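Colleague: Quick one, structure for this:
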Amino acid sequence: MVFALAVTALAACAGQPAADEASSGSSDTIKVGILHSLSGTMAISEVTVKDAELLAIDEINAAGGVLGKKLRPVVEDGASDWPTFAEKATKLIAQDRVAAVFGGWTSASRKAMLPVFEKRKALLWYPVQYEGLESSPYIFYTGATTNQQIVPALDYLKEQGEKKLFLVGSDYVFPRTANKIIKAYAAANGMEILGEEYTPLGHTEYGTLVNKIAEAKPDAVFNTLNGDSNVAFFKQLKSAGIGADQIPAMSVSVAEEEVKAIGPDNIAGHLVAWNYYQTTETPENEKFVAAFKAKYGADKVTSDPMEAGYNAVYLWAEAVEKAGTTDVEAVKKAAAGVGLDRPEGKVTIDGDNQHVYKTARIGVIQPDGQIKEVWNSGEPIKPDPYLKTYSWAGGLV
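Modeller: Numbering: from 1, shown residues only. Below you'll find the model as predicted:
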């Protein structure tokens, strides 16, 4: 026993994960990590993603588990602090010896965790839309990449004649990179950027920024604010008398959970771009919404990041069953081409870049807080994280 503990310690010190107890057959459970911000400015968005992942684990366990074993979640709080995400990821891999980690929201948290997973050759399943221009052999991306969300949102605005944009974002990697992409798109598509402003995560004073928007008179705002800053921004936008009928905002990080916190009256009529809404009409979504409300309360809402986190657990479980083991390299190989009918529709893992095919959807926020879909791509879009198929994106990487 002492020798076994010594081997485990040496493996952890060497930067490699210890042999997983599930794949070695030494346990009747498989431990998986859940790592989200359960406190701080991002908790408004991430707590419910954690809840959705736990729901998936409960459902999988009720159906017999994975490889005949029950999943056992180990939940950690990233606390809206990027170094904490890296610290907790290290703990989950080296100390808890989880088979995979489901977690993160902001790109800052993901980029803080990326070197941890690559060094230790462990798997992170990242559930949130992001700015693209990245792929890692140890990350599976189950949220949208740029050509499945931001580009369709810009196409929609262009088609609606909204060609003068004002860019508003939180001051970290996702908004800045997204806006770099938006500016390249605009230059190639006859659109004009009238302003570009950033505020720190958690920022709540938007009076000056709202005045700048009013003075610029854009056709639309493209909003990449994250977390509870959206609550302050939309409330102050409305207080200034700027409604969606005057200057609509297209948001890519505001879903049903954030709408609920902002207050539907403060944001009704504004636009969002996602791949899933609570109102998405599929048989799988009816079951998902009913199950989520049954577990967490009838007043709860579902959203795109929650659904992508829920999907991630199922996709990983399917890949493990296909591989016949939780061994990381075997799971990665088996995951290529895995496809499932999920609440948003058909999702399939692209073996070339470990992103998933997803249907793009544009929605309008309704007075009841739900989102009405007004456009979709008709079929799942192949993920193109580096925008290789777009000539205007040639200088971005």
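Colleague: can you give me the helices in the stretch 51-200 of the chain?
Modeller: Using DSSP state H, counting those that start in this stretch, the helices assigned to the stretch 51-200 of the chain run over residues 82-90, 107-120, 150-159, 173-188.
Colleague: okay, those helices in a markdown table with mean pLDDT, distance to Ile44 and mean neighbour count next?
Modeller: All C-beta atoms are positioned from the backbone trio N, CA, C, and that covers glycine. Converted to a markdown table, these look like this (pLDDT from 0 to 100; distance: least, CB to CB, whole Å; neighbours: other CB atoms under 10 Å):
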| stretch | mean pLDDT | distance to Ile44 | mean neighbour count |
| --- | --- | --- | --- |
| helix 82-90 | 98 | 17 | 21 |
| helix 107-120 | 97 | 15 | 21 |
| helix 150-159 | 98 | 22 | 20 |
| helix 173-188 | 96 | 16 | 20 |
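Colleague: Which of those sits closest to Glu321?
Modeller: With respect to Glu321, and counting by CB to CB, the nearest of these is helix 107-120 at 22.1 Å.
Colleague: Touching, Leu76 and Ile34? I think so.
Modeller: Wrong residue type there; residue 76 is Glu, not Leu. Yes - here Glu76 reaches Ile34: they are 7.1 Å apart, a contact under CB atoms under 8 Å.
Colleague: Common neighbours of these two, please.
Modeller: Residues touching both Glu76 and Ile34 comprise Gly103, with contact defined as CB atoms under 8 Å, 6 or more residues apart in numbering.
Colleague: related to what we said a few turns ago, so can I have a markdown table of the helices of the stretch 51-200 of the chain showing distance to His203?
Modeller: Formatted as a markdown table, the helices of the stretch 51-200 of the chain follow (distance: least, CB to CB, whole Å):
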| stretch | distance to His203 |
| --- | --- |
| helix 82-90 | 17 |
| helix 107-120 | 15 |
| helix 150-159 | 22 |
| helix 173-188 | 12 |
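Colleague: Out of these, which gets nearest to Pro218?
Modeller: Once these are compared by CB to CB, helix 150-159 is nearest, at 10.6 Å.
Colleague: relative to helix 173-188, how tilted is the closest one?
Modeller: Going by axes from the mean of the first three to the mean of the last three CA atoms, to 10 degrees, helix 150-159 is angled at 40 degrees with respect to helix 173-188.
Colleague: ok, and what's touching helix 150-159?
Modeller: Identification of contacts with helix 150-159 by CB under 8 Å, 6+ apart yields 131, 163, 165, 178, 181-182, 185-186, 189, 191, 219-220, 222, 250, 252, 271, 273, 360, 362, 375, 377, 381, 387, 390.
Colleague: Which among those residues count as buried?
Modeller: The neighbour count (16 or more other CB atoms under 10 Å) marks 131, 165, 178, 181-182, 185-186, 191, 219-220, 222, 250, 252, 271, 273, 360, 362, 375, 381, 387, 390 as buried among those.
Colleague: Gly202 contacts Thr41, doesn't it?
Modeller: Yes - in this structure Gly202 lies within contact range of Thr41 using CB under 8 Å: 3.8 Å.
Colleague: domain ranges for this structure?
Modeller: 2-144+282-357, 147-278+360-393 (automatic domain parsing).
Colleague: Could you tell me the least trusted of those?
Modeller: Ranked by mean pLDDT, the domains of the chain bottom out at domain 2-144+282-357, with a mean of 91.
Colleague: Chain neighbours aside, what residue packs nearest to Trp125?
Modeller: Ala312 (4.0 Å; CB to CB, 6 or more residues apart in numbering).
Colleague: if I pick that neighbour, what's in contact with it?
Modeller: Glu53, Ala56, Phe102, Trp125, Tyr126, Pro127, Phe140, Thr142.
Colleague: What separation is there between it and Lys91?
Modeller: 20 Å (CB to CB, to the nearest Å).
Colleague: again, but for Ala268
Modeller: Counting by CB to CB, the gap from Ala268 to Lys91 is 42 Å.
Colleague: okay, the two: which has more neighbours?
Modeller: Taking other CB atoms under 10 Å, Ala268 and Lys91 do not tie; Ala268 has more neighbours (19 against 15).
Colleague: and the residue nearest to the more buried one when sequence neighbours are not counted, what does it touch?
Modeller: Using CB to CB, 6+ apart and skipping the chain neighbours, the partner closest in space to Ala268 is Pro367 (4.7 Å). For Pro367, the contacting residues are Pro264, Asp265, Ala268, by CB under 8 Å, 6+ apart.
Colleague: Show me the strands in the stretch 1-150 of the chain, by range?
Modeller: 29-36, 70-77, 101-103, 124-126, 139-141 (DSSP state E, counting those that start in this stretch).
Colleague: Neighbours of the closest residue to Pro383 other than its chain neighbours, how many?
Modeller: Nearest residue to Pro383, sequence neighbours excluded (CB to CB, 6+ apart): His355, at 3.4 Å. Neighbourhood size, His355 [other CB under 10 Å]: 26.
Colleague: about what we covered before: out of the helices of the stretch 51-200 of the chain, which is closest to Asn285?
Modeller: helix 150-159 (20.0 Å).
Colleague: Ok, which of the helices of the stretch 51-200 of the chain comes nearest Glu329?
Modeller: With CB to CB, the closest approach to Glu329 among these belongs to helix 107-120: 13.0 Å.
Colleague: Send me that closest one as CSV with only the CA atoms.
Modeller: Below are the C-alpha coordinates for helix 107-120, written out as CSV (Å, rounded to 0.1, in the frame of the first residue of the first chain):
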residue,chain,number,x,y,z
SER,A,107,-12.1,32.5,-22.0
ALA,A,108,-9.8,33.8,-19.2
SER,A,109,-10.7,30.8,-17.1
ARG,A,110,-10.2,28.4,-20.0
LYS,A,111,-6.8,29.8,-21.0
ALA,A,112,-5.7,29.6,-17.3
MET,A,113,-6.7,25.9,-17.3
LEU,A,114,-5.4,25.0,-20.7
PRO,A,115,-1.7,24.5,-19.8
VAL,A,116,-2.7,22.4,-16.7
PHE,A,117,-4.7,20.0,-18.8
GLU,A,118,-2.0,19.8,-21.6
LYS,A,119,0.8,19.3,-19.1
ARG,A,120,-1.0,16.5,-17.2
